[in-house]
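Student: Below is the sequence, then the predicted model.
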Amino acid sequence: MTFIFADSEDFDFPFQKQKKLFVFSENEEYNCQGKTHSGFSHAIKHSCEFFPEQINEFIVKGLDIIIKTDKVFLLHENGDIFPISANKILQQASGIVLNTFDMVNDKIMLDLPLLETEEKLKPLIFEISEQYNNLLTNYINYAYDIENITSLENLKEFIKDGKTLKFIAEFFLVDYIYYLNFSDSAIIACRKDNPKIINTFFRIDKKANDFKKIAKYLYKINIENKLLSEFILDFVDNNRKFFKHA
């Protein structure tokens, strides 16, 4: 099965700690427009949660392309734009490069012409997306349907072993198919009535697999399977201090 991501409203500067990005024209204007938050932008935003070392390599490649550009500017979220030297470019946080990738994605999605440097960055975005999509497909293909689990003990073994479980849950009155891997907290969601369209794919716990964080996420959705639902509710009841704001 081939999966594609649902298009949603543009979300600029996905790495919010660095609310700026590199642009290659002093006249560049950048603002939210259209439904550009799709597969490429999901990959740019979330791939570093799954394979940070490879993303660092893409960032280095991106910087190498950027510093070879004759004129580079730093565009801030408020619209301010300033020229920046090659030495200063290398001192910027990695999130700025990823924000720049996202800006190129927006232009691709909106079918806008790319500047020369942006054209050179485009293959990096495609490679990131390919790795991200391959990982997503792997989780889905090897997921185990929770409806085949018949006991609480069996469920606990699957969770302990870090298996990817497939289950159905309601969120805002819509039924979704979820795929959750307990070893790294990776979660995938797609609508039950259109399972080829992926709504999201990320790690609940960005750096580990804290079960409290996983349970807190699951507590907010209406899980159809009774075994999993009761297991999560019991866990929440026994950890009320952590879940008091859930």
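Tutor: Great, that's in hand.

Student: what comes into contact with the lowest-mean-pLDDT helix or strand in the chain?
Tutor: When each helix and strand of the chain is scored by mean pLDDT, DSSP states H and E, strand 4-5 comes last, with a mean of 86. With contacts defined as Cβ atoms under 8 Å, 6 or more residues apart in numbering, strand 4-5 is touched by 38-39, 42, 196-199. The C-beta positions use only the backbone N, C-alpha and C, and glycine is treated the same way.

Student: which one of the residues you listed has the most neighbours?
Tutor: Neighbour count (other Cβ atoms under 10 Å) singles out His42 as the most crowded of the contacts of strand 4-5, with 24 neighbours.

Student: Tell me the helix or strand right after the host helix or strand of that one.
Tutor: Using DSSP states H and E, His42 maps to helix 39-50. Using DSSP H and E, the next helix or strand after helix 39-50 towards the C-terminus is helix 52-67.

Student: angle of that following helix against helix 39-50?
Tutor: 130 degrees (axes from the mean of the first three to the mean of the last three Cα atoms, to 10 degrees).

Student: Any idea how far helix 52-67 is from the middle of the chain?
Tutor: Remark: helix 52-67 is offset 18 Å from the chain centroid, using Cα atoms, centre = their mean, to the nearest Å.

Student: ditto for stretch 172-192
Tutor: The answer for stretch 172-192 is 13 Å, by Cα atoms, centre = their mean.

Student: buried residues in the helix or strand containing Ile177?
Tutor: Assigned by DSSP H and E, Ile177 falls within strand 174-181. Using 16 or more other Cβ atoms under 10 Å as the test for burial, strand 174-181 gives 176-181.

Student: Which one among the contacts of strand 4-5 sits at the bottom for pLDDT?
Tutor: Within the set of the contacts of strand 4-5, pLDDT is lowest for Ser38 (73).

Student: And the strands in the chain, which stretches?
Tutor: 4-5, 20-23, 73-76, 81-83, 144-145, 164-171, 174-181, 186-191, 197-203, 222-223 (DSSP state E).

Student: Listing partners with orientation, what would you give for the first one?
Tutor: The pairing partners recorded for strand 4-5 under DSSP bridges are strand 197-203 (parallel).

Student: try the second one
Tutor: Under the criterion DSSP bridges, strand 20-23 sits next to strand 73-76 (antiparallel) in its sheet.

Student: Quick check: mean pLDDT of the strand it pairs with?
Tutor: 93.

Student: now swap in stretch 120-134 and tell me
Tutor: Here the average pLDDT along stretch 120-134 is 96.

Student: who's in contact with it?
Tutor: Here stretch 120-134 has contacts from 3, 39-40, 42-44, 46-47, 50-51, 54-55, 58, 61-62, 65-66, 100-101, 104-105, 108, 114, 201, using Cβ under 8 Å, 6+ apart.
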